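Peer 1: Here is my input; please provide its structure:
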Amino acid sequence: MQTRLSRALRGTPEYAALRAQSKQLPLLVSLQTGDAELVQPATTPGTAVRPNPARNVALGVIVGALLGLGLAVLRDRLDQRIKNEEEIAALLPGVPVIGLISDRRRGHASQLMTAEGFNTLQANLGMMGRGRPLQTLLVTSAKPREGKSTVALNLALAMRESGGSTLLLDADLRRPAVSERLNADRQSGVSRILAGEGSIETSVQERKVNPSRNGDGPSVALAGKVSLVAAGPPAPNVPLLVNERSLQSLMQETRTREECVIFDGPPVGTFADMLPLAKEVDGVIVVVRLYHSRGDEIKRLAAQLESAAIEPIGVVVLGAAIGPSSYYSEYLPKR
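Peer 2: Prediction:
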């Protein structure tokens, strides 16, 4: 019966639709089950898979170290400050280092070490003066606050302590740090001499100096007396006052004196009005403070001096790492 019925339906549209649906049944079954078989029931893990604290800490340390190292290298490359004597030699080729002065800290040993640096500077200048006289010296720098006044004042004290006769002129009329540090009488001084209203002979003052550290002014490592010509009254127009004629007149007056004359001049790298004086003196000393003076500014100073045919006789380095202060403490008197 069923066979005759199937034969009767074969070839009809209904039969063709049923045949197509029957062929799709295995595909529908596979989509429902995915042909997957249960091998083992899933279990709950005892520890968390994520996050992994140990791995994250290790990666954080490595990445932080690499980032910090990279930033340190970048900062060092971008930092223009002078950090060692090799950089100074590259910026001022052929100019010798004639003085290494350590930063003065607290304690007698540190004071002794700093004072020894200025005494060594004085001795080096004495040996340099054997071949040619160094009666007039100009102490300058590339920028303000690099320690030129500290060097000029302590060098004058060291020369006098060694038995020499020294005269210190505060020729920095814009920022007369030495005159302010020694509380000098500024009614007379360099500004009046340049204006033709005074002379060195009538302007010399004897000032007593004690070791001390000043925040803004020059630091003093030696004790003694210094013959000083102060900056004089404030000048309303320094470039007009400081000209080649007035500087030559000042130099002629200093050359008639017997003592060594030290000019604490303005930073030549910033103010070029003292270049005529730098050409007239027997020696120009450039002061560089480590981790303060900038390489681009030293380069500019060197170019200015070279264009004016001025060759410094030496560099004094402030903030130099000389050695442990414990070595110098052995030379202190026992208490």
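Peer 1: all helices of the stretch 1-150 of the chain, in order?
Peer 2: 2-9, 13-33, 53-78, 85-91, 108-128, 148-161 (DSSP state H, counting those that start in this stretch).
Peer 1: what's the most buried one of the ones you listed?
Peer 2: The highest average neighbour count among these, using mean count of other CB atoms under 10 Å, belongs to helix 148-161 at a mean of 27. C-beta coordinates here come from the backbone N, C-alpha and C atoms, glycine included.
Peer 1: mind checking which of the helices of the stretch 1-150 of the chain is nearest V261?
Peer 2: V261 sits nearest to helix 148-161 of all those, at 9.6 Å, using CB to CB.
Peer 1: which is the next helix or strand following that closest one?
Peer 2: Moving toward the C-terminus from helix 148-161, the next helix or strand (DSSP states H and E) is strand 166-170.
Peer 1: pLDDT of the very next helix or strand once past that next one, averaged?
Peer 2: The helix or strand immediately downstream of strand 166-170 is helix 177-181, counting by DSSP H and E. Mean pLDDT, helix 177-181: 93.
Peer 1: Check stretch 287-295 too.
Peer 2: 93.
Peer 1: buried residues in it?
Peer 2: V287, V288, R289, L290, S293, R294, G295 (16 or more other CB atoms under 10 Å).
Peer 1: Compute the distance between G163 and E259, please.
Peer 2: 12 Å (CB to CB, to the nearest Å).
Peer 1: Those two: which is more packed in?
Peer 2: A side-by-side neighbour count of G163 and E259, using other CB atoms under 10 Å, places E259 first with 16 against 6.
Peer 1: pretty sure that one is touching G164, no?
Peer 2: Yes - applying CB atoms under 8 Å as the test, E259 and G164 come out as touching, 7.4 Å apart.
Peer 1: coming back round to it: in JSON lines: the helices of the stretch 1-150 of the chain, plus distance to N243 and mean pLDDT.
Peer 2: Putting these into JSON lines (distance: least, CB to CB, whole Å; pLDDT from 0 to 100) gives the following:
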{"stretch": "helix 2-9", "distance to N243": "128", "mean pLDDT": "57"}
{"stretch": "helix 13-33", "distance to N243": "103", "mean pLDDT": "67"}
{"stretch": "helix 53-78", "distance to N243": "40", "mean pLDDT": "75"}
{"stretch": "helix 85-91", "distance to N243": "30", "mean pLDDT": "93"}
{"stretch": "helix 108-128", "distance to N243": "29", "mean pLDDT": "87"}
{"stretch": "helix 148-161", "distance to N243": "22", "mean pLDDT": "94"}
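Peer 1: now those helices as JSON lines including distance to A321?
Peer 2: Listed next are these as JSON lines, based on distance: least, CB to CB, whole Å:
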{"stretch": "helix 2-9", "distance to A321": "109"}
{"stretch": "helix 13-33", "distance to A321": "81"}
{"stretch": "helix 53-78", "distance to A321": "18"}
{"stretch": "helix 85-91", "distance to A321": "10"}
{"stretch": "helix 108-128", "distance to A321": "11"}
{"stretch": "helix 148-161", "distance to A321": "18"}
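Peer 1: Can you say which of these is nearest to E244?
Peer 2: Here helix 148-161 is closest among those (CB to CB), at 22.2 Å.
Peer 1: so what secondary structure elements neighbour the closest one?
Peer 2: Packing contacts for helix 148-161, counted by 3 or more CB pairs under 8 Å, 6 or more residues apart in numbering; DSSP states H and E, involve helix 108-128, strand 136-141, strand 166-170, helix 177-181, strand 224-229, strand 260-264, strand 283-289, strand 314-318.
Peer 1: Out of these, flag the one nearest P211.
Peer 2: Relative to P211, the nearest member of those by CB to CB is helix 108-128, separated by 6.0 Å.
Peer 1: quick one: low-confidence parts of the stretch 201-335 of the chain?
Peer 2: 213-217, 322-335 (pLDDT under 70).
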